[in-house]
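> when you get a sec, could you give me coordinates for this:
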Amino acid sequence: MQPLYTADVKITGGRTGAIESSDGALKHSLSMPKELGGSGGEGTNPEQLFAAGYGACYESALAHIARQEGVELKNVEIHSQVMIGKDESADGFKLAVKMDIKMPGIERSKAEELAEKANAFCPYSKATRGNIDVELNVV
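Prediction:
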């Protein structure tokens, strides 16, 4: 692969540390959620960051596919959820993703077709395919 862009982020302190991108656009503290045994807090966490990245990338892929097919999308919303839980088949933890996709004004069967094509096109979907469960729901 010939990179077109490289995200460069420094992480210190793991799940209770901090993140900062080389350009300064991203700078946050990290907090361990109470559900994972942490103290909570105002910081973000890797699952929120992954949900945001995947959802934004997926919506861009959806817009690309819609343009290719001559479909005008308006007011699209992606509700991206990343869950973390115990991996029952192996030691450690496992991720899963659920995305609720709203495409107002698009007939349901066409919306489902666009959603699947976007899933085939999206780089995050390609990276996760076969690795984690991803549920897409056109709502």
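
> can you pull out the helices in the chain?
46-68, 108-121, 123-128 (DSSP state H).

> and the first one, what does it pack onto?
Using 3 or more CB pairs under 8 Å, 6 or more residues apart in numbering; DSSP states H and E as the contact criterion, the neighbours of helix 46-68 among helices and strands are strand 77-86, strand 93-102, helix 108-121, helix 123-128. In this view, the C-beta of every residue, glycine as well, is placed from N, C-alpha and C.

> next one: the shortest one
In terms of contact count using 3+ CB pairs under 8 Å, 6+ apart, helix 123-128 is assigned the packing partners helix 46-68.

> so what's the gap between the helix it packs on and the chain middle?
In terms of CA atoms, centre = their mean, to the nearest Å, the centre of helix 46-68 is set 6 Å apart from its chain centre.

> list the buried ones in it?
Under the neighbour-count criterion of 16 or more other CB atoms under 10 Å, helix 46-68 has 47-51, 54-55, 57-59, 61-62, 65-66 buried.
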